[in-house]
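Novice: got a sequence here, can you build the structure:
(chains A, B and C)
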Amino acid sequence: MSGGVDSPFGMDVPDFPGPQPGESSGSILEGLTKEQAEAVLATEGPVLILAAAGSGKTRVITRRIAQLLSMGIPAWSILALTFTNKSAGEMRERVSKLLLGEDGASLGGERALRGLTATTFHSLCARLLRRYAEPAGLKPDFTIYDSGDQASLCKKVIEQLGLATSNFPPRSVLSAVSNAKNALQDAAAYEARAHDWSTKNVAKIYSAYSKALRAANAVDFDDLLMVTARLLERDESVRRELQQRWQYLMIDEYQDTNLAQFKIASLLAGKGAPGGNGPNICVVGDPDQAIYGWRGADITNILEFEEHYPGAKVIRLGENFRSTKHILAAADTLIQKNQRRKHKPLFTNREGGATVEAILCRDERHEAGLVTDWFKSLHDEGGDEGDSGFPWREMAVFYRTNSLSRVLEESFRQANIPYTIARGTAFYDREEVKNALSYLRVVANAADDVSLERIVNTPTRGIGDAAITVIEREAAGTGAPMFATLRRVRELAGISSRAAAGIEKFVTLVDDWTGGGSFLGATVPASLADLVDRVVQESGLRTMYQNQARASGNEADLERVDNLDELVSSAREFEQEYDPEGDPAMEPTRAADGSDRPAPPALLALLRGFLESVSLVADADSVDPAQGSVTLMTLHAAKGLEFKAAAIVGLEEGTLPHSRALGGDADQMEEERRLCFVGITRAMRRLMLTCAKYRTIRGLPERTIPSRFLSELPKEHVKFSDQGGALDDLRGTSWDQDSDDLDDDSPRYVPDDGPGVPKGGVSPPSIGTKIAKALPPGCIVRHPQFGEGTIVSVTGGMNARAVIRFKGAGEKTMVLEYARLTRVR
DNA sequence: AGAGGCAATTTTTTT
DNA sequence: AATTGCCTCT
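Specialist: Purely as a prediction, here's the structure:
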């Protein structure tokens, strides 16, 4: 990986939000304000750029890099760190555009750019840890564990320690461990501070978990940072080498750095040249956009930058070039409610524009419908003066939690509006893809027990729990990885002949791909794509899913086969873009005695790189406005983007602000407010904020309270309207015409205050029963996913179910209370 | 060994 | 609603 956008789907992100006028030609300073120009020219010494939302931050950063290059600073001595692959890629893209000129008239740009490192913290750390694996206490072919892998490993460790997973849920233990790692506390340091029984046990688990990770030759996300920080701290020669290489350091979104990242940045920056002001470290950020406190981000890193680097130059970019004054006023009024912040007014010279709309809706479907209609009219008729219609790609919906996206999706689909959901990790989270990747991970790292356990018997090879337990115990006893233990099946007692045969088959399979670990020989694939293809084929995964699809006739199962194919093509694409020179793993690694050790076989290096790029995708990476569709994403993923029109949904107490922040912790509440602020400031021309009176949460309809943030907005700039009272369009679409059971005054989403105390000793009939009465067999209903169907039979009672025969999907049994059925006739 | 069914559970955000 | 884990049946 050379720091570009490592998109799993190969859809590279082009310049976004689009080239700004004057960007491509002439002087680097052209079109900049005084402050912006100052920031671009402040190349030496420590610099803090406080960049308010929409103040042209990206522009400044890219021009600053161009400035450095034009001063003759070699690209390889510049390091730019970001939080997502997407922004790293965008940075490279825009710098190259600046240097090359719009028409490609080369100003020597191509060459000047070569060697520039623009990447994420996590990618950088992964690369450094491979390059300096030995001094870091790792092997260069380590695997990166995602949260699922972490959970499996953690659970196993807890069980092995004889503790109950009910007392120590892996999730919460892992979150404690994660916090510790982000604060640079290793297991020993954590244990030293543990005093009560529970914490002491967590310390034990932490320690055992760390050992298990190393035994599996794996690191987790937090290790990437912590181990790198420790390496830089302890190994002077590595530190010096890197300090010498990267003379110019830039860090974006500095307000979101945690202690580990702060440490890494400080250690890479060093002290600077003797007699100088300090190192050339330029950090850019906005305390008002700090939204990762829950991940250990420490806002004091940016607030105390000046103390840490005395003599640092501070530049404030306060003028907003993005939003209308109404939107800006809304954002500014809201954020002023935060107590803990540096006072920093937002201002704009722009006039005009429509007011912000805040709408109270009836429920989430109503809400989704309003957003859909709004987008449609903006698309067809345009927003306001001078706009002939917003393209889809210029519109987005933001929400606090991913679960809110489903209703919106349905609504967009029905309205035939093209949309994409920003979930970069979703593809790799699919079961079939994870299985294929687990095979690949075992190929790349034979010590990876978590991946091995996932796939030894997938598809089934007759290896059952009994056999696995024997292997596990033997491996634990000898300290050898499970794969090595598998080779010795015949020596082990307690394994059925069926299981032993399956195990041998499995070992042969993997050995064929790896050449027994040597990656040499006739059976070893010639290319990465070839390897992935063969894994999918020869493991039996493809056949397994093909059979499954044939048996069920289900479209979702058919898609699994397609996904496996897509994995093969994404590997092919990775291979085509792979640049061995940019891969630190291909550089000779220094062994302890100072001698060089040979680079790994090409296929293995390629595979490692591929797996790494897969592990480090972020949700925000998949935002791809080039497709010309509306984007749906979380507020977190929205940071750094801008859209002509944006809607934020679910502005309700418990959703935004999220219920977890409701506990009275002022810091958490302020972070929620910043999150809302980030969302508002994404909008350039039009902004809509919605809340729903009733929202179905985890299948249960709940009455909500409008968000406090709504009441904190300025009335002069925000038009509030209550559309939550109208019931008309509920009529005729549903079963609530059954007036003796469900009166028209209450929307059907209103719960009967739960089961509660039965009145007069008899429980009120459940919602399901009421619906059941309205749906006699033979009547036609519509389901949002399966389309029209006929009721075959209905059962009453608490969880009333109906058997429905659908035209396309066959017969299904559904719980009436939850199936979103509409009566057709 | 393995599949399928039923019950219990669900703390948001992401590298 | 959806996922996960546990249990039973074949």
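Novice: scan chain A for its longest strand.
Specialist: strand A:683-697 (DSSP state E).
Novice: partners of the following helix or strand past that strand, with directions?
Specialist: Moving toward the C-terminus from strand A:683-697, the next helix or strand (DSSP states H and E) is strand A:700-703. Here strand A:700-703 is paired, per DSSP bridges, with strand A:683-697 (antiparallel).
Novice: circling back: the longest strand of chain A near DNA strand B anywhere?
Specialist: No. Judged by C-beta under 7 Å from any atom of the strand, strand A:683-697 stays clear of DNA strand B, getting no closer than 9.1 Å. Where you see a C-beta, it was placed from the backbone N, CA and C, and this is true even at glycine.
Novice: state the helix or strand in which residue A:230 lies.
Specialist: helix A:221-234.
Novice: any residue of that helix up close to DNA strand B?
Specialist: Yes. Counting by C-beta under 7 Å from any atom of the strand, DNA strand B is contacted by helix A:221-234 at A:221, A:222.
Novice: and that helix, what does it pack onto?
Specialist: Applying 3 or more C-beta pairs under 8 Å, 6 or more residues apart in numbering; DSSP states H and E, we find helix A:221-234 packed against helix A:121-131, helix A:133-136, strand A:143-145, helix A:170-182, helix A:236-245, helix A:259-269.
Novice: and of those, who's closest to residue A:417?
Specialist: Across the helices and strands packed on helix A:221-234, residue A:417 has its closest neighbour in helix A:121-131 (34.2 Å, C-beta to C-beta).
Novice: now that closest one: mean pLDDT?
Specialist: Averaging pLDDT along helix A:121-131 yields 95.
Novice: contact partners of it?
Specialist: By C-beta atoms under 8 Å, 6 or more residues apart in numbering, the residues outside helix A:121-131 that reach it are A:1, A:3, A:79, A:81-83, A:85, A:88, A:117, A:119, A:136, A:138, A:140, A:142, A:144, A:219, A:221, A:224-225, A:227-228, A:231, A:242, A:257, A:261, A:264, A:584-585, A:587, A:589, A:608, A:612, A:616.
Novice: so for the helix holding residue A:230, what gets flagged as buried?
Specialist: Using 16 or more other C-beta atoms under 10 Å as the test for burial, helix A:221-234 gives A:221, A:222, A:223, A:224, A:225, A:226, A:227, A:228, A:229, A:230, A:231, A:232.
Novice: reformat the helices and strands packed on helix A:221-234 as CSV; add distance to DNA strand B and mean neighbour count.
Specialist: Formatted as CSV, the helices and strands packed on helix A:221-234 follow (distance: least, C-beta to the nearest atom of the strand, whole Å; neighbours: other C-beta atoms under 10 Å):
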stretch, distance to DNA strand B, mean neighbour count
helix A:121-131, 3, 24
helix A:133-136, 18, 18
strand A:143-145, 9, 23
helix A:170-182, 5, 19
helix A:236-245, 19, 14
helix A:259-269, 10, 22
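Novice: dump the ones you listed into JSON lines; add distance to residue A:567 as well.
Specialist: Below are the helices and strands packed on helix A:221-234 laid out as JSON lines (distance: least, C-beta to C-beta, whole Å):
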{"stretch": "helix A:121-131", "distance to residue A:567": "21"}
{"stretch": "helix A:133-136", "distance to residue A:567": "27"}
{"stretch": "strand A:143-145", "distance to residue A:567": "17"}
{"stretch": "helix A:170-182", "distance to residue A:567": "27"}
{"stretch": "helix A:236-245", "distance to residue A:567": "34"}
{"stretch": "helix A:259-269", "distance to residue A:567": "31"}
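Novice: report pLDDT for the closest residue in space to residue A:707 that isn't next to it in sequence.
Specialist: Spatial nearest neighbour of residue A:707, chain neighbours left out: residue A:651 (4.0 Å); criterion: C-beta to C-beta, 6 or more residues apart in numbering. The score at residue A:651 is 97. That number is its pLDDT.
Novice: was I right about residue A:660 contacting residue A:668?
Specialist: Yes. Counting by C-beta atoms under 8 Å, residue A:660 touches residue A:668, with 7.1 Å between them.
Novice: and the nearest residue to residue A:455 once chain neighbours are set aside, backbone torsions?
Specialist: Excluding its sequence neighbours, the residue lying closest to residue A:455 (C-beta to C-beta, 6+ apart) is residue A:438, at 4.5 Å. Note on residue A:438: its backbone torsions stand at phi -60, psi -40 [degrees, to the nearest 10].
Novice: got the contact list for the residue in the stretch 401-550 of chain A positioned nearest to DNA strand B?
Specialist: Proximity of the stretch 401-550 of chain A to DNA strand B (C-beta to the nearest atom of the strand) peaks at residue A:464, 2.4 Å away. With contact set as C-beta under 8 Å, 6+ apart, residue A:464 has these partners: A:457, A:496, A:499.
Novice: re earlier: higher neighbour count, residue A:660 and residue A:668?
Specialist: For residue A:660 and residue A:668, the more surrounded residue by other C-beta atoms under 10 Å is residue A:668, and the numbers stand at 17 against 11.
Novice: tell me the pLDDT of that one.
Specialist: Looking at residue A:668, the pLDDT reads 93.
Novice: for it, which non-adjacent residue is spatially closest?
Specialist: Per C-beta to C-beta, 6+ apart, closest to residue A:668 is residue A:661, 4.0 Å.
Novice: CA atoms of the helix or strand where residue A:678 lies as PDB?
Specialist: Using DSSP H and E, residue A:678 maps to helix A:666-680. In PDB, the C-alpha atoms belonging to helix A:666-680 read as follows (Å, rounded to 0.1, in the frame of the first residue of the first chain):
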ATOM      1  CA  ALA A 666     -21.800  16.700  30.900                       C
ATOM      2  CA  ASP A 667     -18.800  15.700  28.700                       C
ATOM      3  CA  GLN A 668     -20.800  13.100  27.000                       C
ATOM      4  CA  MET A 669     -23.700  15.400  26.400                       C
ATOM      5  CA  GLU A 670     -21.400  17.900  24.900                       C
ATOM      6  CA  GLU A 671     -20.000  15.300  22.600                       C
ATOM      7  CA  GLU A 672     -23.500  14.500  21.400                       C
ATOM      8  CA  ARG A 673     -24.000  18.200  20.800                       C
ATOM      9  CA  ARG A 674     -20.800  18.400  18.800                       C
ATOM     10  CA  LEU A 675     -22.000  15.400  16.800                       C
ATOM     11  CA  CYS A 676     -25.200  17.300  15.900                       C
ATOM     12  CA  PHE A 677     -23.000  20.300  15.100                       C
ATOM     13  CA  VAL A 678     -20.900  18.300  12.700                       C
ATOM     14  CA  GLY A 679     -24.100  17.100  11.000                       C
ATOM     15  CA  ILE A 680     -25.500  20.600  10.600                       C
END
